[in-house]
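Undergrad: sequence plus predicted model, see below.
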Amino acid sequence: MDYVIYGDVLVAVNFIIDLLILRLCQLLTGIRQRGARPYLAAAAGGLCSMAIFIPAAASLWVDLFIRLGFSFIVVSIAYGRQAPRVFLRLLGVSEENAAADACKMEHDLSDETFEKIKAHVREHGAG
């Protein structure tokens, strides 16, 4: 049986769902998304849904990496430069450490941040 997938409908539905999820995140976390950022992020998420037309990934890890990359793009657009700090705050890291660690995440993390990330992964899984 053949299936027909309309790309415009796929993008539109994903745009609406992504926008609703971003608005819900704003309500639950109290972290404001400024201006047109949630709409731009939802549009990027809608366009990322077109990834289903990419041939099957070589492995589960490649597929996971692609999905995480798309998610990072959407969150970066929605929250801008505050995304790493917001992520750390949502993990339960104190404001002082979250602000400092967001600037140096690639190089050096505090013990508190490392422990919170490990606890989050243990609780919610790695993917």
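TA: Arrived safely, thanks for sending. Given the structure is predicted, the values throughout are model-derived calculations rather than measurements.
Undergrad: going forward, measure contacts between C-alpha atoms and count neighbours the same way
TA: Fine.
Undergrad: got a list of what Ala44 touches?
TA: Counting by Cα atoms under 8 Å, 6 or more residues apart in numbering, Ala44 makes contact with 15, 73-74.
Undergrad: where in this structure is pLDDT low?
TA: 56-59, 81-83, 106-107, 109, 121, 124-127 (pLDDT under 70).
Undergrad: 50 - rerun?
TA: Regions of the chain meeting the criterion pLDDT under 50 cover residues 126-127.
Undergrad: next, Arg34: secondary structure please.
TA: coil (DSSP: H, G, I helix; E, B strand; the rest coil).
Undergrad: measure how buried it is and give me the count.
TA: For Arg34, the count of nearby residues is 10 (other Cα atoms under 10 Å).
Undergrad: so what secondary structure elements neighbour the helix ranked longest in the chain?
TA: Taking DSSP state H as the criterion, the chain has its longest helix at helix 7-29. Helix 7-29 makes packing contacts with helix 37-48 when contacts are defined by 3 or more Cα pairs under 8 Å, 6 or more residues apart in numbering; DSSP states H and E.
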